[in-house]
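K.L.:
model this:
(chains A and B)
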Amino acid sequence: MNFSGILFLLYFLPLILAAYYLTPKHGRNFVLFMGSLFFYAWGEPIYVLILLVSCLLNYFMGLAIDTEEQTTKRKSVFVFSVIFNIAILILFKYIGRFIALFNVKLPWDSSYFSFGIPLGISFYTLNALSYTTDIYRGKVKAQKNFINFGTYITMFSKLLAGPVISYNKMEKQLTSRRETIEGFSSGIVCFVVGLAKKVILADNLFVLWESIKLTPTAELTTVLAWLGIISFALYIYFDFSGYSDMAIGLSKMFGFEFGKNFDYPYTSRSISEFWSKWNISLYDWFKEYVFLPLGGKDKNAFRTNLNILTVWVLVGLWHNFSLNFLLFGLYFALFFIIEKSISEKNLKKIPDIFRVLYTIIFVLIGWVFFATPDFASSIEYFKALLGFSNAGAFSPRFIYDVLSNGILLIASVFASLPYASRTGKILSDDNPSYATVPIVLLFILSLVYIIGSTTVPFVYFSF
Amino acid sequence: MSRHSKRNAFRKFNSVFVFGVLILMLLNFLRPAETNTEFQDNTHSLSEINIKNLISGQLAENAEKYANDKFTFRKSFLIFKSKLEYITGKREHNGVYVCDNNYLIEKPKEYNLELIDANIDAIKNLYAMGGFNVTISVISPAYEVLNDYLPDNVYDDSILRLSSKLKESFSETGIVYIDSTKLLKRYKDDYLYYRTDNHLTSNGSYVVYHDLADTLGFTALTGEDFKISDVSRSFKGSTYSKALKDVPADVLTVYRPHETPRFKVKFPLENIEVDSMYFPAHLEREDKYSYFLDGNHALTVINSPNKNGKSIAIFKDSFANSIIPFLAYHYETVHIIDLSLFEESVVKYLDDCGISNILYLYGADGFMSDDSIKRTAVSDDYAAARNAESAAYDLIDALNQ
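P.N.:
Reported below is the predicted structural model:
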């Protein structure tokens, strides 16, 4: 089910909120668990079984690691849990590709079911891995209550596309969170802002990007290519951060507090800073469960760089097993390594505006790997960006695209800066009622856009 | 603000949303689903609840569309959105450009070289089967003929490229390709296309009718032979339903000869027979263009009072529907086949009815996107046998010389 659809907004969400608040406190996790399973099964009637299997297995493995005294046995269960979670991730992400590649005939009518990627699998396996790892490390105790554990894994607000909340961050909240009036209001604001980002900005930026992406290479002029990648960069930001805002807002409505997942990344002064502000929960997960275990920042610079490289290759491949995403990882690893070698003192001498421009330009170039479907098309796109396109530098179509989308682009650029939300916070800290009219209007405007469009799926649903 | 009044402010804020959403929910339950306009995608009937739909995810998709359609303020929201987007500078809504002179003109389909080549080959193959006179007319859309109405910087020459490709492909093949673009452009300010629909008006159809006359071998009737009357002044067609921009409605006119002749119109595959090429029932609904020939049937046969023994088969898309009533005066029988719906062997049908005149009459968009044109050259058993037979005759002729 789509957060940005009428079915969710006017049917599912009100009903689950009602069920939740009408249930006494000790039954509320059960409501969330059942509701989340229904939510997931609605979009994945077959793959919900995999989610359940993963839930059950990880639950039992967690208990086993916790209660087992013998170190070798503990270790083997832990290793098995890691292998299991990574295996189902790789298996189900790539089985569809495998079948298509080798033309395997399915023994059933493929219009019933064909092996697409199960929604959310990249996210809930990371959650499961954080769980068993933290138990093994002794950081948390296993969750004895299966309902509570199930709620952690399947919580519908974060199931499909994050944020990735490691178990230790949610452990206490599973049993001792407090649902407050302020929390609920904050949740509504967060959710509506995220919704608006998605349906008003992201979906329309997507249309602009798609029209440029589908332009035949012979017509892809340099200016058009730049307009395209800029609209892609804005589209993916508002789509993903919008979804994260909705996820965080929804969680707040049920009393859960998660940290923010984006922090105005396009104001960053370096690529390293950018990635500490983009999909923060994923960044934290990879730092905690891959980078640090590998040794993190080592005294040996070569070792550090190797760790950085490993992490980034994994991040790239976690998105998709393709050359483009491998290059995506390598590209940003390179920047991390280079930036690390320049001292902070020297960097501070450069005016911020240049540092931000540097970051934006190289992030835009990096997005080409993300945005184009394969290596060949990314090369074509780079050629256009750098001025080597056969189509030339300029086309009248560019003027049309800029004029038709001018207001959208200006609004998007403004919304990617912190000014609006800072003003909003200052005003509503003074008197929360100031937020009512703007948020209501934003909600209604979002409904207008929802009613009027064909659904554009969340970009991270495809991972 | 004190903590207490802040807490109240939060309470009020929450209540606004809770009650607002509750009211929207109630309104949705109480209101029956709006009957969908004929132009929208009707493939989301919730009555099809079965295992297949459930498992494949189709049910979820249908339910989402249903919830969306059932939304209380749907129509007004859609119109508001269109106005809002126009203000922010958008001149294109759902593939339709908002143009000068109150025209809503659809973007042409993508120039799909593979498909176009396949269609051209299919037509050549049919001709090569022997025994047919083949004429083809691919009508340029408003996007090309009225291209000066389009917003700045939006025009591309894909339609002109299609025309030259067709001209080049059919030259020296025996197939006659007619390009009415120049003639249409000469009269372009005479309301040749609907403002709110992508079809030709009766005026535009009249122009194309004249252009086909010489090749098809008849003398076209002229303006004085007709009485022109308005059958509807409130036509808002397919491009309006996509763009939802308020423009004056279109006028549907019909050209009728002074002595109203008696036509017999049959839909043989549906066992229906009527005595007019026009279907006034559609004038009460949204898709008024179906007034002409009742929209798209797989097979339509028109018997005209002109008993001159001439017959013709027309392979067409909806663009031809307002042109065919003009052509019908000049043939005893007109066989109209919509290849996307006709499932029998085309060549067998042509032979059984003794037809040797063939006209392909398509709009450019249809020709560039329709993959059923290939069916005229389908290698079914009948066509294969016929080919073998005519090859055998050719061989005998060759040997006898």
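
K.L.:
Using CSV, list the CA coordinates for the lowest-mean-pLDDT helix or strand in chain A.
P.N.:
The helix or strand of chain A with the lowest confidence, counting by mean pLDDT, DSSP states H and E, is helix A:344-349 at a mean of 79. In CSV, the C-alpha atoms belonging to helix A:344-349 read as follows (Å, rounded to 0.1, in the frame of the first residue of the first chain):
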residue,chain,number,x,y,z
GLU,A,344,40.3,20.4,7.9
LYS,A,345,42.4,23.5,8.4
ASN,A,346,43.0,23.9,4.7
LEU,A,347,39.4,23.2,3.8
LYS,A,348,38.1,25.9,6.2
LYS,A,349,40.1,28.5,4.2
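
K.L.:
Return the distance of stretch A:177-188 from the chain's centre.
P.N.:
Mean-position distance between stretch A:177-188 and its chain equals 23 Å (Cα atoms, centre = their mean, to the nearest Å).

K.L.:
helices or strands next to the top helix by length along chain B in the packing?
P.N.:
Secondary structure of chain B read by DSSP state H shows that its longest helix is helix B:3-30. Secondary-structure packing of helix B:3-30 (3 or more Cβ pairs under 8 Å, 6 or more residues apart in numbering or on different chains; DSSP states H and E): helix A:13-22, helix A:181-196, helix A:436-451. From N, CA and C alone the C-beta is placed, and that goes for glycine too.

K.L.:
export those to TSV and tack on distance to chain B and mean neighbour count?
P.N.:
Listed next are the helices and strands packed on helix B:3-30 as TSV, based on distance: least, Cβ to the nearest Cβ, whole Å; neighbours: other Cβ atoms under 10 Å in any protein chain shown:
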stretch	distance to chain B	mean neighbour count
helix A:13-22	6	16
helix A:181-196	4	22
helix A:436-451	5	18
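
K.L.:
Longest strand in chain B, please.
P.N.:
As assigned by DSSP state E, the longest strand anywhere in chain B is strand B:226-235.

K.L.:
In the longest helix of chain B, which residues have enough neighbours to count as buried?
P.N.:
Judged by neighbour count using 16 or more other Cβ atoms under 10 Å in any protein chain shown, the buried positions of helix B:3-30 are B:6-7, B:9-10, B:13-14, B:16-17, B:21, B:24-25, B:28.

K.L.:
what's the burial count for residue B:352?
P.N.:
11 (other Cβ atoms under 10 Å in any protein chain shown).

K.L.:
how about it, what does it touch?
P.N.:
Shown in contact with residue B:352 (Cβ atoms under 8 Å, 6 or more residues apart in numbering or on different chains): no residues.

K.L.:
go on, the one 10 residues further on?
P.N.:
With contacts defined as Cβ under 8 Å, 6+ apart, residue B:362 is in contact with B:137-139, B:315-317, B:319-320, B:370, B:373.

K.L.:
Residues in a beta bridge with it, which ones?
P.N.:
Counting by DSSP bridges, residue B:362 is bridged to residue B:138.

K.L.:
For it, give me the pLDDT.
P.N.:
We have a pLDDT of 95 for residue B:362.

K.L.:
Could you report the distance from it to residue B:315?
P.N.:
8 Å (Cβ to Cβ, to the nearest Å).

K.L.:
and stretch A:411-419, how far apart are its ends?
P.N.:
In stretch A:411-419, first residue to last residue: 12 Å (Cα to Cα, to the nearest Å).

K.L.:
Distance from the chain centre to it, please.
P.N.:
Per Cα atoms, centre = their mean, the displacement of stretch A:411-419 from the mean C-alpha position of its chain is 20 Å.

K.L.:
Could you pull out the buried residues of it?
P.N.:
For stretch A:411-419, the neighbour count (16+ other Cβ under 10 Å) marks A:411-412, A:415-416 as buried.

K.L.:
Residue B:56 - how many residues pack around it?
P.N.:
Neighbour count for residue B:56, taken as other Cβ under 10 Å: 18.

K.L.:
Show the pLDDT at it.
P.N.:
On pLDDT, residue B:56 comes in at 71.

K.L.:
that older thread, output the buried residues of stretch A:411-419 in JSON lines; the columns should cover secondary structure and pLDDT.
P.N.:
As requested, the buried residues of stretch A:411-419 are exported to JSON lines (DSSP: H, G, I helix; E, B strand; the rest coil; pLDDT from 0 to 100):
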{"residue": "A:411", "secondary structure": "helix", "pLDDT": "93"}
{"residue": "A:412", "secondary structure": "helix", "pLDDT": "94"}
{"residue": "A:415", "secondary structure": "helix", "pLDDT": "93"}
{"residue": "A:416", "secondary structure": "coil", "pLDDT": "93"}
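
K.L.:
Including distance to residue A:362, could those residues go into CSV?
P.N.:
Below are the buried residues of stretch A:411-419 laid out as CSV (distance: Cβ to Cβ, whole Å):
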residue, distance to residue A:362
A:411, 25
A:412, 20
A:415, 22
A:416, 17
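
K.L.:
Which of those residues sits closest to chain B?
P.N.:
Nearest to chain B out of the buried residues of stretch A:411-419 is residue A:411 (Cβ to the nearest Cβ; 8.7 Å).

K.L.:
Quick one: residues contacting that closest one.
P.N.:
Under the criterion of Cβ under 8 Å, 6+ apart, the neighbours of residue A:411 are residue A:201.

K.L.:
still on that earlier bit, report the rounded mean pLDDT for the longest helix of chain B.
P.N.:
Rounded mean pLDDT across helix B:3-30 is 87.

K.L.:
And stretch B:66-83, by the same measure?
P.N.:
Averaging pLDDT along stretch B:66-83 yields 84.

K.L.:
Buried by neighbour count: which residues of it qualify?
P.N.:
Using 16+ other Cβ under 10 Å as the test for burial, stretch B:66-83 gives B:67-72, B:74, B:77-78, B:80-82.

K.L.:
That one close to chain A?
P.N.:
Yes. Judged by Cβ under 8 Å from any Cβ of the partner chain, stretch B:66-83 comes into contact with chain A at B:67-68, B:70-71, B:73-74, B:77-78, B:80-82.

K.L.:
From those residues, pick the one nearest residue A:404.
P.N.:
Relative to residue A:404, the closest of the residues of stretch B:66-83 next to chain A is residue B:82; by Cβ to Cβ it sits at 13.8 Å.

K.L.:
Nearest spatial neighbour of the closest one, chain-adjacent residues omitted?
P.N.:
Excluding its sequence neighbours, the residue lying closest to residue B:82 (Cβ to Cβ, 6 or more residues apart in numbering or on different chains) is residue B:244, at 4.1 Å.

K.L.:
Now do the contacts for the one you found.
P.N.:
When contacts are counted by Cβ under 8 Å, 6+ apart, residue B:244 touches B:78-79, B:81-82, B:93.

K.L.:
Let me see the backbone angles for it.
P.N.:
When read as degrees, to the nearest 10, the backbone of residue B:244 gives phi 50, psi 40.

K.L.:
gap between the residue in the stretch 201-350 of chain B positioned nearest to chain A and residue B:24?
P.N.:
Here the stretch 201-350 of chain B gets closest to chain A at one residue, residue B:244, 8.6 Å apart by Cβ to the nearest Cβ. Distance, residue B:244 to residue B:24, by Cβ to Cβ: 22 Å.

K.L.:
Show me which residues of the stretch 101-250 of chain B are close to chain A?
P.N.:
B:151-154.

K.L.:
would you list every one of the strands in chain A?
P.N.:
Using DSSP E, strands in chain A do not occur.

K.L.:
Tell me where chain B has helices.
P.N.:
Secondary structure of chain B, counting by DSSP H: helices at B:3-30, B:51-56, B:58-70, B:74-87, B:113-128, B:142-145, B:158-170, B:181-186, B:202-216, B:238-243, B:324-327, B:346-352, B:364-369, B:381-400.
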